[in-house]
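**Q** what follows is a predicted structure for the sequence shown.
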Amino acid sequence: MTIKRLSGVTLVCLGVLLGGTSLADAGHEVTHIPSYYPQEIAIESVDPAAAATELTKNKMQAYIGSLPRFAGPIPKNVKAVESLDAFLVLSFNPASNVSRQGDERCALARGIVAALAGSSSADVRLTPYPVTPFHPDYLQHLDRIEQAKAMVASQGAIKQALKFRAHGEHALALVRPRWQLVGKGWDASLEEVPATRLMSAQLDGWLGPPWMKQGWFQAYRLLAPTLSNPRDKTATESTYRRLVYGEHEDLTEQYSLERRLLADLTRGCDRVVIGYTVRREYYNDELSGVENIAVDSQLGLNSPVFIRTVKLKDFPWNGWLRLGMNEKPGAAWNPIGGFSDAAGRLIWSTLGDPALLPVPYNGSWIHDRVNPHVTLAWRPSGGLELPVDAVVPQSGTGMLIPVGEKKFALAKIVYEVATSRFSDGTPTEVADLLYPYVIAYRWGVKSSGDDRAYDPVIEATTRPMREQLVGLKVLRVERKIEKIGGEIEVPKRIPIVEVYVNFTARELPQVAALAPPWSTVPWQVLVLMEEAVQRGLAAFSKEQAQRLGVSWLDLVRDPPLQAKLLGLTGQFAQSGYRPPALRELVTEEQARARWRALKQFAEVNKHFLVTNGPYRLKQWSDTSAVVQVDRDLAYPGGVGSFNHYAYPPRAAITAVKRDGRHVLIYADVETVVQEQRNHATVREPLKPGALRGLYVIRTDSRFVVIGPDGSVLRVGTAKMAEDGHLVAELPEHLPRGRYTFLVAIYLDGNTVDPSAKLLRFEANAS
Amino acid sequence: MDEQKQVTRRDFLRQLGVTVGAAGLGATGIGATGYLAAPARAAMKPKGNIPSTPIKTGHITFLTGPAELLGGPGLRGHLLAAEEINAQGGILGKRKIETIQADEAAGTDANVKELRRMKLSEKIDLFTGVISSGNTPALGPVAEELKVLTMFNDGCTDFLFDKAVPNPKYVFRVTNIQSADGVTAAVGAAQHWPKARKIASIQPDYSYGRNVHEHFTLALERLTGGIEVVAEAWPKLFTTDFTPHITKLLSAKPDLLVVGLWGGDYVAFYKQALRYGLFDKMKVATTLAFGGVPHAVGKDHPEGVLAGVHANYHFLYPPGDQWPVNKKFVDTYHKRWKEYPSFESDGAYTTLMMYKAAVEKANQLTGGWPDDEAIIAMLEGMGYDSPAGYVYIRPDNHQGYKDAVTGLTKNLPEYDFPVWDPNSIVYIPIRSITAPPNWPKPGQGGNNESTAAADWIKKTWPKAKA
């Protein structure tokens, strides 16, 4: 018998170095498993009836975005999660004579909502206000929402016969029994506007502006374009600008601005949000189903955090996950103006990696590929001065040019960037991190008459970043060795990049999410796409493709384009092509190596979708995509990294009492407890040190005091007493009048559908 | 060792004290000297003045990442012990236990910093936890330097007391050592499949896999004789596609396959192996099939596989009718945490209970709250009847030893996951498979093997007749 003795082994192909430790140094436990739970994810188009069967039989673990069609009652082994789906938006035909003036429109809208009373359901919630419980800023609008409901109730249903136009399944279901549906000559229109449409579009590793989940932002996107009153329009733009630049001193002023914006947006009733619909997505919950599911309050299961948490119950990690969707992947697969439909977004969530990703249950952001350190300027100081050798992309060309002397910004963010290798084997380097800025400023600005050098979708997606980015500077690239489990050494390269922006916020991750230096695609793929667009072979976005009469750039599923791209790659590999913006950062030889790697990758894999995200594209068809996990040791995220975002606790307020200058709040806490392979919700009184699993729950009891005139007087946090009840302190010396006290309790930051309460009280002059 | 006498396999296993099935526990003795601290024993009245300040315990374990599969149950075991102790007023009826927890996933350097912080800022009285064998050798010397009483409940590498802390004073460890894994699987295989000669091995390509392969083949050769390793598969770290390895193993037509894969890697392997009918074509012995929480493996797992528990503990053994300590522990743990305990749960629970027992014993001798020297003196050589059976802490190396167990998988209707067939459980006195006190450490006294256990087996185990 021969016993094989192996000394330290070098796993070169993984880029892993094993130290010279002895055989017995490490245990069985591998302490970091890069990328996320499933080893393979299949995303397939499945019709709702088949989805119901396959979910029930656990042949499919979740159905994303739409309802399966169950033949009978929903089986017990299938469960649902909820998220905001769409706004129900009412508008009036200017050509119709039913309603011309703002007041008339508002009255008519209230009458229509009143006529729909009783039609609310679990899926359709008729609340005539644009901010919903799925928005992180719901609390500060609670009195306005109550007021809007009260006005509807007091007005009563309209008796008028109206001709309606309706779009969307729920909108049609609301209108059809009550009013006449017509194609032309309509008086009123009811449509469903998906919340995702208002959250801006993704581009490479940027997912949208930092405030994309805020109710005020979505209300602005929804209502501002149709405002007809010039005064409302001017006021709206002014307030909106203050909010997106963070021009407010404290939460009291911020909440005041948000309420003011909503008041201006809703005053004229040009468009009226009369309610919202809830997205219900189903998953298999049996012993071999899935668990550890983080659900984004607005994106639902079609979100990066779902892909990064979902776990098959049969596997501590690994396993084959099958997800169904009603839609076929229709949008082109390119990371600049593509992946824009539901299937595309889900597929891109697996292949790409955002710099930061949205916290699923509030409006903040989670660090994914960057670790930011934010410094805010004291506004009266004029800001933080930029170093003279900082650069800023030039509008129209994207060239990185010096910012010059005496340039100031409101915030500085120093990013440590967590790099890893791309799927073509090349490492993520500084040039990769900076090239998305070049794309944004080159293609997002229409600087000449040449339509081919511009894309309206890139302009819209990158506008907040371009308007508020002041400059950036690459400080250095740090190198270190990280040890895993005492045995495995992983070399890490960490670029440190300083970015200056004119944006401040109390939630510092929001500041970091505006313009992070990050790309999940190597620069050579971005350049290849640019060259294809410039040569008229394709366009980044659907809109521009239609305008120019060219194909929508698809890096995977367009064989004729593939052939041309392969040819270009070969040419660039020979010439060592570098775009002008990268000449200082990439040598000709480095460029040759990059193009060669890309060519080889494309020849082997038959596509150009190279990324540094957690999964790689393995197979695809017109109706499906299969991605395989890439367990690159240098990949920073790992199995369990985002577990904290699954099953957040929730508070349930049981009583609110005024006691002189104080308001006392009593609440329970609801947590999800894992019971082997099942989960149960447990409710118990909220107390100091209440646990969620093994962690103490963070309690944030936020209250808002509204004055008799509707202004925000105070925003504060109630303090927890020893027995667990919370105590909010009211402002001193309140003038005589009727006040409103709003309160919500956020546990571990969970703002979704909070148990918010409203207390009205009289103050006597004191 | 080549000149050693030959014995029959049956005689050899008898000499080792190996028993199978329900007879196991009844056949055991404490296995070592030292007094026995019994949790069920009526509490003795504390002597002297006992302060009422809490005992501060620092507990570092994996709260995130894949090793949470181990760390979570460990912390739950620790907290259950603390709750039980506190419900009785605390240790010596006065001092309640407070736990300061930290996530071991922060990395070795961060763990070392955290231990320093816990001792210097939080003034902890006791340091517990630690899962990773990469961390115990780093934390052990620091604990000695800080003079903080430390009771690791895992981090099982032989290296800790073989090399990193060869002469421990403050550092103890309760869980069995790593080399016991491979040896336990070998004993289990020899017991159940004595005729297996053609051996295949699939191991993770890092040190644990090499440790299992080395100790398994070494022990099995002595136990049954004449074995031939016909195939070795070393899947790289993070392999998800095991099919090339499975086809290689099948083509070698082994009698027996030994598997050292763990967690999700093991589950991915067995599910892929099922498609190839691997389990119908050979016997399979594992070191860690039941190495996580019991419900981690599904009922599609084949029956009749030797399912290792890191040579430590499975909640069904010792059976409740024979060992009420375990029944009580399993019942209270399940009631508190809605799941069944793992070997980490038992290890962390026992750790805190042994500390309590040591304090109580020292108090009887010294009066008042004993100092660390007195507690250490009580821990050295302590025997304790834990849920897993008797645990004995050897005075020479501060290592806890409990008898090793393994068994064959079976699906019983009362559980949603596979458990052991009660009639198949192999019980091995730990003294029979680990090097005795003062055996030369690797690199000393002619020991050129990777562990003291390997050297001891090579030099002292007889060779069974083939």
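**A** Thanks, I have the structure now. Residues are numbered from 1 along each chain as shown, chains lettered A, B, ... in the order given.
**Q** what about the closest residue to A:Gly382 other than its chain neighbours, distance to A:Ile496?
**A** Spatial nearest neighbour of A:Gly382, excluding adjacent residues (Cβ to Cβ, 6 or more residues apart in numbering or on different chains): A:Phe408 at 5.5 Å. C-beta coordinates here come from the backbone N, C-alpha and C atoms, glycine included. Distance, A:Phe408 to A:Ile496, by Cβ to Cβ, to the nearest Å: 22 Å.
**Q** who has more neighbours, these two?
**A** The residue with more neighbours, out of A:Phe408 and A:Ile496, is A:Ile496; 18 against 15, by other Cβ atoms under 10 Å in any protein chain shown.
**Q** surely that one forms part of a strand?
**A** Yes: according to DSSP: H, G, I helix; E, B strand; the rest coil, A:Ile496 belongs to a strand.
**Q** would you mind measuring from the closest residue to it other than its chain neighbours to A:Lys407?
**A** Distance criterion Cβ to Cβ, 6+ apart; nearest residue to A:Ile496, sequence neighbours excluded, is A:Leu475 at 4.4 Å. Using Cβ to Cβ, A:Leu475 is found at 17 Å from A:Lys407.
**Q** looking at these two, which one has more neighbours?
**A** Neighbours per residue (other Cβ under 10 Å) separate A:Leu475 from A:Lys407, with A:Lys407 holding more: 18 against 14.
**Q** which helix or strand contains the nearest residue to B:Asn153 once chain neighbours are set aside?
**A** Of all residues not flanking B:Asn153 in the chain, B:Gly347 sits nearest, at 3.8 Å (Cβ to Cβ, 6+ apart). According to DSSP states H and E, B:Gly347 maps onto helix B:343-366.
**Q** now that helix: mean pLDDT?
**A** Here helix B:343-366 scores 96 as its mean pLDDT.
**Q** CA atoms only for that helix, dumped as CSV, please.
**A** Presented in CSV, the C-alpha positions along helix B:343-366 are these (Å, rounded to 0.1, in the frame of the first residue of the first chain):
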residue,chain,number,x,y,z
PHE,B,343,-21.4,18.2,17.9
GLU,B,344,-20.5,22.0,18.2
SER,B,345,-23.6,22.5,20.3
ASP,B,346,-22.5,19.7,22.7
GLY,B,347,-18.9,21.0,22.7
ALA,B,348,-19.8,24.6,23.6
TYR,B,349,-22.4,23.5,26.2
THR,B,350,-20.0,21.1,27.8
THR,B,351,-17.2,23.7,27.8
LEU,B,352,-19.2,26.1,29.9
MET,B,353,-20.5,23.4,32.2
MET,B,354,-17.0,22.0,32.8
TYR,B,355,-15.9,25.5,33.7
LYS,B,356,-18.8,25.7,36.2
ALA,B,357,-17.8,22.3,37.6
ALA,B,358,-14.2,23.3,38.0
VAL,B,359,-15.1,26.5,39.8
GLU,B,360,-17.4,24.6,42.2
LYS,B,361,-14.8,22.0,42.9
ALA,B,362,-12.2,24.7,43.5
ASN,B,363,-14.5,26.6,45.8
GLN,B,364,-14.9,23.5,47.9
LEU,B,365,-11.2,23.4,48.3
THR,B,366,-10.3,27.0,48.7
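**Q** for the helix or strand following that helix, packing partners?
**A** Sequence order places helix B:372-379 as the next helix or strand after helix B:343-366, per DSSP H and E. Where contact means 3 or more Cβ pairs under 8 Å, 6 or more residues apart in numbering or on different chains; DSSP states H and E, helix B:372-379 is packed against helix B:343-366.
**Q** can we see that at 10 Å?
**A** Here helix B:372-379 touches strand B:171-173, helix B:343-366, going by 3 or more Cβ pairs under 10 Å, 6 or more residues apart in numbering or on different chains; DSSP states H and E.
**Q** now the following helix or strand past it: mean pLDDT?
**A** Per DSSP H and E, the first helix or strand lying C-terminal to helix B:372-379 is strand B:383-386. Averaging pLDDT along strand B:383-386 gives 94.
**Q** can I get strand B:383-386 in PDB? Just the C-alpha atoms.
**A** Only the C-alpha atoms of strand B:383-386 are listed here, as PDB (Å, rounded to 0.1, in the frame of the first residue of the first chain):
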ATOM      1  CA  GLY B 383     -13.600  13.900  33.900                       C
ATOM      2  CA  TYR B 384     -17.100  15.100  33.100                       C
ATOM      3  CA  ASP B 385     -20.300  13.300  32.100                       C
ATOM      4  CA  SER B 386     -21.300  15.500  29.200                       C
END
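**Q** now that strand, how far from the chain's geometric center?
**A** Computed by Cα atoms, centre = their mean, to the nearest Å, the chain-centroid distance of strand B:383-386 equals 15 Å.
**Q** pairing partners for it, with directions?
**A** strand B:36-37 (parallel), strand B:389-393 (antiparallel) (DSSP bridges).
**Q** and the residue in the stretch 201-350 of chain A that chain B sits nearest to, what's its pLDDT?
**A** Closest contact between the stretch 201-350 of chain A and chain B, by Cβ to the nearest Cβ, is at A:Trp317 (3.3 Å). Looking at A:Trp317, its pLDDT reads 95.
**Q** who in the stretch 201-350 of chain A is up against chain B?
**A** Residues of the stretch 201-350 of chain A found near chain B (Cβ under 10 Å from any Cβ of the partner chain) are A:287-288, A:311-320.
**Q** mind checking which of those residues land in strands?
**A** Judged by DSSP state E, strands contain the following of those: A:311-312, A:320.
**Q** separate out the buried members of these.
**A** Among those, those scoring as buried are A:311-312, A:320 (criterion: 16 or more other Cβ atoms under 10 Å in any protein chain shown).
**Q** just the element for the residue in the stretch 101-250 of chain B positioned nearest to chain A, please.
**A** Across the stretch 101-250 of chain B, the shortest distance to chain A (Cβ to the nearest Cβ) belongs to B:Gly134, at 1.9 Å. Under the criterion DSSP H and E, no helix or strand holds B:Gly134.
**Q** burial check on it, number of neighbours?
**A** 29.
**Q** got it, and A:Ser228?
**A** The number of residues near A:Ser228, taken as other Cβ under 10 Å, comes to 12.
**Q** so for it, what's the pLDDT?
**A** pLDDT, read off for A:Ser228, is 93.
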